[in-house]
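K.L.:
below are the sequence and a predicted model; questions follow.
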Amino acid sequence: MSERLKTVVFPVAGLGTRFLPATKVVPKEMLPVMDKPLIQWASDEAVEAGADTLVFVVNRNKRAISDHYDQAFELEQRLERSNKLELLQIVHDVLPSHVRPVFVLQSEARGLGHAVLCAQPAVASGAFGVILPDDFIINRQGPGALAQMAAVQARQGGSVIAVEPVDWKDTGKYGIVSGTELSQGLMRIDSIVEKPRPDVAPSNLAVVGRYVLDTRIFELLEQTRPGAGGEIQLTDAIAALLGEQSVCAYRFEGVRYDCGTKFGYVHATLKLALDDAEIGDDMRRLLAELHEGATSD
Ligand code: UTP
């Protein structure tokens with residue numbers, strides 16, 4: 001077992017309906033939080049966890065994502081000629097040279113489980129990571145969420161799923177787990193259910209968009225029939241995996257922003273702007289003014 005996750009999958013073939021009309025042409029994952037698109041925050045987290053193969057599961061409307069990871073020849077030449085080397089470095093850092101992007105098509109949005117299954121031909125054996133980029137997680141104190149989970153998987157074996165407590169009234173929006181605590185922040189999962197109503201939810205511990213999965217999940221996904229919403233649910237295949245191997249729920253260090261919602265997206269942007277060395281002070285001033293109703297527009 002190694003702490004390094006060689007392959008990380010990004011299922012990004014959803015329709016992004018909650019951000020229409022912004023996402024009619026621009027993929028949700030290309031929306032920026034400060035100066036980086038969501039997809040790059042996610043790929044940076046994967047590279048930090050050791051990945052050298054990034055598998056993007058896309059549809060025909062996600063061309064901008066492959067463009068983002070492609071070489072921008074003219075732009076790079078111009079930056080080089082005008083000696084704007086810091087900007088050139090930023091462009092190069094989008095994808096470190098040892099990292100290979102792979103693009104796989106999910107022709108029809110048949111659910112998250114189906115999207116993960118589409119990635120199978122590009123995934124090496126052993127454990128692999130999955131990141132849902134609209135679950136934006138930032139950890140200022142140490143390694144990113146996926147690197148933390150890779151370390152847990154290296155110790156525990158099996159599969160590891162990121163969780164966090166949510167308001168009981170919101171259990172119907174998430175996969176919910178229950179199980180036996182192994183140590184602080186780590187639990188062996190006994191059951192997992194997709195979007196239970198609060199009155200039947202086994203706990204308020206919600207699955208969020210980070211997974212370290214054993215490749216056995218692919219065989220289980222192949223056998224998974226459409227579940228909630230007529231989609232092939234990753235949760236259902238994970239429920240089947242529970243009977244075969246240890247699957248742990250891990251309460252990661254860091255803060256998650258649900259950038260699939262307008263509130264979460266604006267919250268993340270605001271937080272990063274407040275923390276930013278260049279504009280943080282101006283942001284605080286602006287917020288204070290807005291709070292006092294001092295600005296008219
Ligand atoms: P969401 O439930 O957030 O759906 O999918 P969505 O399409 O991205 O956004 P809304 O709800 O319409 O606004 C969770 C993750 O699963 C991926 C999405 O791209 C997102 O990263 N997904 C979902 C797929 O890749 N394929 C699917 O068939 C469904």
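P.N.:
Perfect, thanks for sending it. Numbering: from 1, shown residues only.

K.L.:
which element, helix or strand, includes residue 147?
P.N.:
Under the criterion of DSSP states H and E, residue 147 resides in helix 145-156.

K.L.:
mind listing what's buried along that helix?
P.N.:
145-154, 156 (16 or more other Cβ atoms under 10 Å). Every residue, glycine included, has its C-beta placed from N, CA and C.

K.L.:
from those, which is closest to residue 184?
P.N.:
For the buried residues of helix 145-156, the closest approach to residue 184 (Cβ to Cβ) belongs to residue 152, at 12.2 Å.

K.L.:
what about residue 225, helix or strand, and which?
P.N.:
Using DSSP H and E, residue 225 is not contained in any helix or strand.

K.L.:
what about it, how many residues nearby?
P.N.:
Residue 225 is flanked by 7 other residues according to other Cβ atoms under 10 Å.

K.L.:
and it, what does it touch?
P.N.:
Residues near residue 225 by Cβ atoms under 8 Å, 6 or more residues apart in numbering: 232, 236.

K.L.:
quick one: low-confidence parts of the stretch 1-150 of the chain?
P.N.:
1-3 (pLDDT under 70).

K.L.:
one more time with 90
P.N.:
The model of the stretch 1-150 of the chain has pLDDT under 90 over residues 1-4, 16, 71, 124-126.

K.L.:
show me where it has its strands.
P.N.:
Using DSSP state E, counting those that start in this stretch, the strands of the stretch 1-150 of the chain run over residues 7-11, 32-33, 36-37, 53-58, 100-105, 128-131, 135-138.

K.L.:
tell me which of these sits nearest to residue 162.
P.N.:
strand 135-138 (7.8 Å).

K.L.:
and the contacts of the closest one?
P.N.:
With Cβ under 8 Å, 6+ apart as the test, strand 135-138 has contacts from 33, 38, 41-42, 45, 144-145, 162, 208-210, 252, 254-260, 264, 268, 272.

K.L.:
dump the C-alpha coordinates for it into CSV.
P.N.:
The C-alpha coordinates for strand 135-138 follow below in CSV (Å, rounded to 0.1, in the frame of the first residue of the first chain):
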residue,chain,number,x,y,z
ASP,A,135,-17.3,20.3,-3.7
PHE,A,136,-14.5,22.8,-3.2
ILE,A,137,-12.4,21.9,-0.1
ILE,A,138,-9.6,24.1,1.2
